[in-house]
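A.B. asks: I would like the atomic coordinates for the input below:
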Amino acid sequence: MDVLIEILLEIYMELMFLLVPEKNITKKHKAIAVLLAVAVLVIVFALAIWGLVLIIEKGNWLGVIPLAVAIIISLAQIIAGILLYKKNH
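C.D. replies: Here you go, the predicted model:
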């Protein structure tokens, strides 16, 4: 089970990092883009965990809000990354 979760997490992170450009960018700009992608990744995971904790442990259905925000941010970043990747290749 742990291996499956690790593989899915790795695939998810690779999709999130498609947004970071590879060509025609300075090292400084690439470092800033990576830091921004990591920050968004941490925020998305925090929102998802917070939403799940609210729903499962507390029985508070307002946990759907942070969970939905995490899903929307994640999908937006993955779609933008795929579109930019296809545009550049």
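A.B. asks: what's the helix-or-strand element of the chain with minimal mean pLDDT packed up against?
C.D. replies: One helix or strand of the chain scores below all others by mean pLDDT, DSSP states H and E: helix 2-16, with a mean of 77. Packing partners of helix 2-16 (3 or more Cβ pairs under 8 Å, 6 or more residues apart in numbering; DSSP states H and E): helix 27-56, helix 64-88. The C-beta positions use only the backbone N, C-alpha and C, and glycine is treated the same way.
A.B. asks: now the angle from that helix to helix 27-56?
C.D. replies: 130 degrees (axes from the mean of the first three to the mean of the last three Cα atoms, to 10 degrees).
A.B. asks: Mean neighbour count for the helices and strands packed on helix 2-16 - can I get that in a markdown table?
C.D. replies: Output for these, formatted as a markdown table (neighbours: other Cβ atoms under 10 Å):
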| stretch | mean neighbour count |
| --- | --- |
| helix 27-56 | 14 |
| helix 64-88 | 14 |
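A.B. asks: can those helices go into CSV with extra columns for mean pLDDT and distance to V20?
C.D. replies: CSV is the format used below for these (pLDDT from 0 to 100; distance: least, Cβ to Cβ, whole Å):
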stretch, mean pLDDT, distance to V20
helix 27-56, 87, 5
helix 64-88, 87, 8
